[in-house]
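Student: Quick one: sequence and predicted model below, then my questions.
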Amino acid sequence: MADSRLVDQISSLLQQQKVLNLQLQKNNQQMQLLAQRIWDFKEQEQKQLAKELHDGVGQILTALINRLNSDTAKSEAPTEELELARQALQDIRDLSRLMRPPILDDLGLEAAIKWLARQMSGVNDIKITVVVGEYHKMPESIQTTFYRICQEALTNTIKHAAASHVFIKLDSKDDGWHLLVSDNGCGFELADDSQKGVGLSSIKDRVSAYSGRAIIETTPDEGCSIKAYIPMASAESTITSGTKITSDNIELNNKKAKTND
């Protein structure tokens, strides 16, 4: 009789554990969906701001330049104000492209990474090699994630690494997408508090929103490598641009997960 009660207690505990595991799985899925939505919202916000800079401030500066050009034509000598206006317009265009490059939406990830490499290489006198393999069926939001990782990694390298060469490789294998960004710079100690805030935590946060992982390998004087991986399975639950998170969406994804189990 005692053995029977013990079996019942163990069975009850196992059932409770199963319920708790399912609830934990549901909570984790909800957190990932929310994280995806937050990043998507940030991208939409930057895209809108980039458009307003280009179409709003850019048009005002263009009109000002045309007015100054007209005045300059009469005096036959370029004015300081005209040169300043031209420089301001160029700065606005550059900032707008960095915030959300149209090439990413128009031509895709490979073209955007190569454009970014050309931009940063030309301005900072650093060699950047880009190798892109297959990355078919990658959702737009994940393309944006990999682009932002490249942008963050290159910015960190230029600011902190004193590198002369950066190597970028993007491809797909083992049911996932892989990105490598490595440099021949000075490297750093991962435990060094002075490296906080240089964007590495942002990279990890971005990939974790899609059940991915980011590995940072570096030692002083031996460069730095950032490896980011996102499983292709994450594309099935990816929130597309403009999709709202609701309890119905979360429940639907949880039901799919349970069915797959």
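Tutor: It's in.
Student: Point out where the stretch 151-261 of the chain drops to low pLDDT.
Tutor: Across the stretch 151-261 of the chain, the ranges flagged by pLDDT under 70 are 191-199, 236-261.
Student: all helices for it, in order.
Tutor: 200-208, 247-260 (DSSP state H, counting those that start in this stretch).
Student: Could I get the average pLDDT for the helix or strand hosting Ile103?
Tutor: When elements are assigned from DSSP states H and E, Ile103 belongs to helix 102-107. For helix 102-107, the mean per-residue pLDDT is 87.
Student: for stretch 65-72, same thing?
Tutor: Model confidence over stretch 65-72 averages 72 on the pLDDT scale.
Student: Return that stretch as CSV; C-alpha atoms alone will do.
Tutor: Output in CSV follows, covering the C-alpha atoms of stretch 65-72 (Å, rounded to 0.1, in the frame of the first residue of the first chain):
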residue,chain,number,x,y,z
ILE,A,65,21.7,74.9,-52.4
ASN,A,66,19.7,75.8,-55.5
ARG,A,67,19.0,79.2,-54.0
LEU,A,68,22.7,79.7,-53.1
ASN,A,69,23.8,78.4,-56.5
SER,A,70,21.6,81.1,-58.1
ASP,A,71,23.1,83.8,-56.0
THR,A,72,26.6,82.4,-56.6
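Student: tell me which residues in it are buried?
Tutor: Neighbour counts using 16 or more other CB atoms under 10 Å place 65, 68 of stretch 65-72 among the buried residues. In short, each C-beta sits where N, CA and C put it, glycine included.
Student: Going by neighbour count, which residues of the following helix or strand past the helix holding Ile103 are buried?
Tutor: Toward the C-terminus, helix 102-107 is succeeded by helix 109-124 as the next helix or strand (DSSP H and E). For helix 109-124, the neighbour count (16+ other CB under 10 Å) marks 109, 112-117, 119-121 as buried.
Student: Now tabulate the residues you listed in a markdown table and tack on distance to Ile92.
Tutor: What follows is the buried residues of helix 109-124, written out as a markdown table (distance: CB to CB, whole Å):
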| residue | distance to Ile92 |
| --- | --- |
| Leu109 | 25 |
| Ala112 | 20 |
| Ile113 | 23 |
| Lys114 | 23 |
| Trp115 | 18 |
| Leu116 | 18 |
| Ala117 | 22 |
| Gln119 | 15 |
| Met120 | 19 |
| Ser121 | 22 |
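Student: Can you tell me which of those residues is nearest Arg67?
Tutor: For these, the residue nearest Arg67 by CB to CB is Gln119; the value is 30.0 Å.
Student: what about the closest one, distance to Ala162?
Tutor: According to CB to CB, to the nearest Å, Gln119 stands 20 Å off from Ala162.
Student: now swap in Tyr147 and tell me
Tutor: Going from Tyr147 to Ala162 by CB to CB gives 24 Å.
Student: can you check Ile103 too?
Tutor: When CB to CB is applied, the distance between Ile103 and Ala162 equals 29 Å.
Student: do the same with Lys42
Tutor: Here the distance between Lys42 and Ala162 works out to 30 Å (CB to CB).
Student: For the stretch 1-150 of the chain, which segments are assigned as strands?
Tutor: Listed from the start of the chain, the stretch 1-150 of the chain has strands (DSSP state E, counting those that start in this stretch) covering 127-132.
Student: hang on, Ser96 packs against Gly56?
Tutor: No. With contacts defined as CB atoms under 8 Å, Ser96 does not count as touching Gly56, sitting 10.3 Å away.
Student: Tell me which of those two has more neighbours.
Tutor: Using other CB atoms under 10 Å, the more surrounded residue of Ser96 and Gly56 is Ser96, with 21 against 12.
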